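> sequence unavailable; structure follows:
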């Protein structure tokens with residue numbers, strides 16, 4: 001027995017150190033370092049640092065009533081709009097009650113960016129209710145005389161009416177009111193004959209009304225002379241003479257698809273390319289417009305193919321001005337907030353939470369009604385990096401294009417003539433404005449990747465999703481690298497596998513701080529990145545966690561953040 005006890009004693013002594021190791025290991029397991037999500041959340045809670053200026057930006061962007069007139073009123077109007085109905089019914093939906101009170105469209109736009117934006121009153125503000133403005137009677141549009149039956153609070157002379165409207169808009173926190181202007185005078189609706197001089201007199205008078213009223217933006221769109229470049233040039237000249245502070249926006253009216261079938265556009269070669277559209281005439285006309293325009297809007301697109309259609313228009317227009325540094329016009333890329341933010345364009349925002357859910361008509365496939373945070377991020381970035389003219393820097397385009405497809409089912413687009421047909425749209429896989437093309441590596445298909453160096457030295461980089469009728473909307477992750485000449489603020493938009501920023505080794509910094517552009521708190525990420533003497537590398541996970549750290553509940557926007565080196 002004594003012998004057995006001695007053996008047991010030896011076994012116990014041998015097991016003690018092993019037990020100690022096991023206990024120590026278990027203790028360490030319970031005290032593991034917090035994961036990345038926890039670290040970001042804790043630092044966000046504790047932060048008191050805000051990197052975003054509070055003052056309004058100077059970019060001439062706006063939120064426009066047009067989509068709400070079509071998709072935020074009732075199901076009849078949705079069916080009417082998708083079916084290609086004329087503008088009379090849609091025009092009737094624009095009135096003081098809808099905009100300001102019931103349902104109060106403007107009140108649902110985030111207050112924190114209203115001061116950066118004009119509130120654009122689209123087609124219908126200047127014609128009485130029940131006016132029949134179909135395609136054969138479009139002359140009745142364009143009076144530029146605010147309809148008092150729709151806006152009863154705005155009475156008085158014509159100038160006083162729009163002055164009161166502008167005052168109401170500013171009281172709600174906006175930069176001011178913008179006005180849709182038909183590309184013609186309203187003379188012929190009254191059976192009058194007119195000369196070129198009378199037409200000038202007509203518009204000089206209305207320019208003076210806007211000057212008195214403090215209106216700062218005209219969106220010249222549609223109308224009998226929409227394709228008359230001499231008319232548009234005349235109107236811009238008059239504005240510069242009478243009211244230089246007024247922004248005049250022009251556009252090439254046309255199909256929502258680049259070089260594809262359209263009943264009101266010249267037949268093309270169906271390449272899906274903006275550069276090839278109508279044998280190059282679409283790009284040439286747009287280029288000529290920008291020779292005198294203050295702003296040029298890239299124009300209407302489909303919801304499904306908005307990214308490639310818009311991106312190709314922006315890419316080819318910018319590229320056509322690479323060797324023209326004196327060109328002063330700015331591009332407005334409509335409702336693509338991250339293209340606008342990265343490439344220095346203005347926005348014509350049309351998304352809104354009041355869009356009706358109507359499953360039979362899938363007109364909002366990406367649910368942009370739930371993506372207002374993207375607009376917030378874009379607009380707030382442009383407080384630091386405003387939109388700039390097409391001639392301010394050169395543009396580098398990838399020689400490779402991505403091609404996206406969509407087979408349109410009934411009710412998926414207002415371009416009703418495409419029901420049952422497959423549309424292809426292409427755009428450069430990479431685009432760089434004022435800097436070298438990004439380096440992109442992916443295990444699958446590549447996203448669109450865009451980047452820009454701004455005139456003030458700031459940088460921006462973004463990725464954009466791909467579209468396929470079979471796979472749907474796909475957001476492939478890629479390792480992206482950009483070259484920055486200096487350590488300046490960087491705006492980062494979209495989803496990444498990783499982002500590497502190369503910089504001059506002579507640049508020294510101790511800290512990297514990052515902030516969701518939709519929020520008001522920045523956090524230190526210096527210890528969460530990989531760094532050497534000439535680059536930093538940020539994981540896609542970290543970019544997403546910080547870039548969505550201030551996301552509002554139920555908002556599904558992609559990340560958008562600000563990087564600062566200190």
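Sure thing, it's come through. Please read all numbers here as calculations on a predicted model, not as lab measurements. Numbering: from 1, shown residues only.
> show me the protein divided up by domain.
Dividing the chain into domains by automatic domain parsing, as the record does, gives the ranges 46-51+397-565, 61-394.
> would you list these in JSON lines and tack on mean neighbour count and mean pLDDT?
C-beta: built from backbone N, CA, C; applies to glycine. Converted to JSON lines, the domains of the chain look like this (neighbours: other CB atoms under 10 Å; pLDDT from 0 to 100):
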{"stretch": "domain 46-51+397-565", "mean neighbour count": "19", "mean pLDDT": "96"}
{"stretch": "domain 61-394", "mean neighbour count": "20", "mean pLDDT": "93"}
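> between these, which one is closest to residue 36.
domain 46-51+397-565 (6.0 Å; CB to CB).
> now the end-to-end length of the closest one.
Length of domain 46-51+397-565, first residue to last, CA to CA, to the nearest Å: 20 Å.
> and the helices in the stretch 251-400 of the chain?
Along the stretch 251-400 of the chain, the stretches classed as helices by DSSP state H, counting those that start in this stretch are 281-290, 306-320, 337-343, 372-384.
> any chance of those in CSV, plus distance to residue 168?
As requested, these are exported to CSV (distance: least, CB to CB, whole Å):
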stretch, distance to residue 168
helix 281-290, 32
helix 306-320, 32
helix 337-343, 26
helix 372-384, 22
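> looking at these, which is closest to residue 421?
Here helix 306-320 is closest among the helices of the stretch 251-400 of the chain (CB to CB), at 15.4 Å.
> hmm, who's touching the closest one?
With CB atoms under 8 Å, 6 or more residues apart in numbering as the test, helix 306-320 has contacts from 256-258, 273-275, 283, 286-287, 290, 296, 298-299, 301-302, 331, 333-336, 339, 343, 345, 390, 395, 397, 402-404, 425-428, 431, 433, 448, 450, 464-465, 467.
> which residues are in contact with stretch 157-177?
Against stretch 157-177 from outside (CB under 8 Å, 6+ apart): 56, 100, 106-107, 111, 114-121, 144-146, 148, 151, 153-156, 179, 208-210, 212-217.
> can you tell me which of those residues are in strands?
117-121, 179, 217 (DSSP state E).
> of all the residues you listed, which comes closest to residue 408?
residue 120 (27.7 Å).
> identify the bridge partners of the closest one.
Judged by DSSP bridges, the bridge partners of residue 120 are residue 64, residue 178.
> any idea how far residue 311 is from it?
Between residue 120 and residue 311 the distance, using CB to CB, to the nearest Å, works out to 23 Å.
> check residue 328 too.
Distance from residue 328 to residue 311, by CB to CB: 23 Å.
> wait, residue 248 sits on residue 294?
Yes: with contact defined as CB atoms under 8 Å, residue 248 counts as touching residue 294 (4.9 Å).
> the helices of the stretch 251-400 of the chain: which one's closest to residue 549?
Nearest of the helices of the stretch 251-400 of the chain (CB to CB): helix 372-384, 11.2 Å.
> center of the chain - which residue?
With distances taken as CA atoms, centre = their mean, the residue of the chain nearest its centroid is residue 337 (1.7 Å).
> was I right about that one contacting residue 346?
No: using CB under 8 Å as the test, residue 337 is too far from residue 346 to be in contact (10.9 Å).
> check contacts around the closest residue to residue 53 other than its chain neighbours.
With sequence-adjacent residues excluded and distances taken as CB to CB, 6 or more residues apart in numbering, residue 53 is closest to residue 383, at 4.9 Å. Applying CB under 8 Å, 6+ apart to residue 383 gives the contacts 52-53, 55-57, 116.
> highest neighbour count among the residues you listed?
residue 116 (24 neighbours; other CB atoms under 10 Å).
> that residue and residue 277, how far apart?
33 Å.
> what's the answer for residue 417, then?
Residue 417 is 17 Å from residue 277, by CB to CB.
> try residue 387
In terms of CB to CB, residue 387 sits 24 Å off from residue 277.
> equivalent analysis for residue 162, please.
According to CB to CB, residue 162 and residue 277 sit 37 Å apart.
> can you check residue 117 too?
31 Å.
> so residue 210 touches residue 218, yeah?
Yes: using CB under 8 Å, residue 210 is in contact with residue 218, at 7.2 Å.
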